[in-house]
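1. Sequence plus the predicted model coming up.
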Amino acid sequence: MGQTKGVLRRFGYYVPRDDGTVDVSVQDGEFTQELWHEFSEVMRIVVALRPLVISYLALEEDHGELRQVEAIIAQSLEGAPNAFGIVPAMLLPALARAQRHVSNFLGSAATFRDRILKWFATTYRDEPEIVGLPPREFSFAYDRSLAYRIMYNLRNYALHQNVPVSLMPITGTRSRSDGSMAMGVRLLLDTGELCGNPKTKGPVRDELLRLGTSSYEIVPLAAEYMESHARFMRFVLRFHADDLQIAQHYARAVWKGAKLPPRAIPVIWEGEGVPGAEPTTMNCHHLAFDELGFMRLLLDRLPTD
């Protein structure tokens with residue numbers, strides 16, 4: 001009877017060159033099932049945290065776009081001879097752009113929180129005290145920040161109303177040498193509209209009415225809301241700091257033991273074949289060491305308090 005084919009693994013690396021070519025190295029000897037199991041166990045934290053990191057990066061990107069939208073809208077209106085020349089029809093695309101960016105940001109924030117909750121509930125299903133940690137983090141952020149409370153309730157407003165941006169005052173200054181107008185735009189939330197939404201929580205409605213502020217600038221609110229979510233991401237990474245540290249030690253040992261050249265990308269080469277023979281196919285499995293490094297850098301730039 002012939003030998004049964006299986007997956008043959010060998011350690012190696014490749015080095016991309018500036019001229020578009022790639023140097024490939026495949027070490028002799030099989031990367032055994034025992035070594036594969038060790039690698040999978042040590043690096044599983046990177047694979048496990050990947051969806052949360054991706055969700056957070058998507059939130060950062062939506063926040064960056066929202067942070068720039070006032071300037072983009074102002075620039076789109078600068079063809080008008082003066083601020084009074086901007087008629088309502090010209091504002092419709094601007095309001096649509098504002099609505100899209102505010103809604104995207106609020107939706108990404110809600111998705112990020114939901115994924116943290118589901119991830120902890122699944123990963124630590126037998127440890128209810130750990131499953132309860134993220135809700136406490138969220139409650140603490142809600143209690144400590146008026147901006148968080150406003151933006152959290154604005155999410156409900158955005159789901160049930162057409163336009164989550166209630167006001168968009170426009171100013172024009174004729175200070176340029178060519179006589180053209182420099183436009184300024186601010187995205188404002190009308191407190192009365194937010195309080196009039198039945199989905200706004202009663203205590204928040206009472207708080208806003210008591211403060212008596214007629215409107216709030218959305219971009220600064222979003223910045224504080226984003227900072228709270230950056231703390232959530234830090235909480236997730238810090239909670240798994242020991243696992244990440246073990247993975248980092250493993251990665252360093254691999255780099256040192258393999259004596260990898262500069263710019264090398266370590267991989268496990270996988271192919272089908274029989275023991276003792278060259279594989280009939282060859283693919284590579286990335287070791288995710290670069291993702292591990294990315295998570296460490298991400299942790300370093302997140303707020304610490």
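-> That came through fine. Residues are numbered from 1 along each chain as shown.
2. which stretches of the stretch 101-250 of the chain have low pLDDT?
-> Applying pLDDT under 70 to the stretch 101-250 of the chain flags the ranges 160-181.
3. what's the distance between the helix or strand encompassing Ser40 and the middle of its chain?
-> Per DSSP states H and E: Ser40 is located in helix 33-76. Centre-to-centre, helix 33-76 and its host chain are 4 Å apart (C-alpha atoms, centre = their mean, to the nearest Å).
4. Would you mind pulling up the elements that that helix packs against?
-> Judged by 3 or more C-beta pairs under 8 Å, 6 or more residues apart in numbering; DSSP states H and E, helix 33-76 is in contact with helix 88-123, strand 182-185, helix 218-239, helix 241-258, helix 289-301. No exception for glycine: its C-beta is placed from N, CA and C like everyone else's.
5. Please name whichever of those is nearest to Leu35.
-> Closest approach to Leu35 among the helices and strands packed on helix 33-76 is made by helix 241-258 (10.6 Å; C-beta to C-beta).
6. in the helix or strand following the closest one, what counts as buried?
-> Remark: after helix 241-258, the chain's next helix or strand is strand 265-273, criterion DSSP H and E. Buried residues in strand 265-273, counted by 16 or more other C-beta atoms under 10 Å: Ile265, Pro266, Val267, Ile268, Trp269, Glu270, Gly271, Gly273.
7. check contacts around the fourth one.
-> To tie it back to what came earlier, the one meant is Ile268. Ile268 is in contact with Arg9, Arg10, Phe11, Gly12, Phe31, Trp36, Phe39, Cys284, His285, Leu287, counting by C-beta atoms under 8 Å, 6 or more residues apart in numbering.
8. So what sits opposite Val22 in the bridge?
-> For Val22, the beta-bridge partners under DSSP bridges are Pro16.
9. ok, back up a step: closest one of the contacts of Ile268 to Ile45?
-> For those, the nearest to Ile45 is Phe39 (12.3 Å; C-beta to C-beta).
10. rewinding a little: out of the helices and strands packed on helix 33-76, which is the most enclosed?
-> Burial of the helices and strands packed on helix 33-76 is given as mean neighbour count (mean count of other C-beta atoms under 10 Å); helix 218-239 ranks first at a mean of 20.
11. quick one on the thing from earlier: out of the helices and strands packed on helix 33-76, flag the one nearest Ala74.
-> Closest to Ala74 of these is strand 182-185 (C-beta to C-beta; 4.3 Å).
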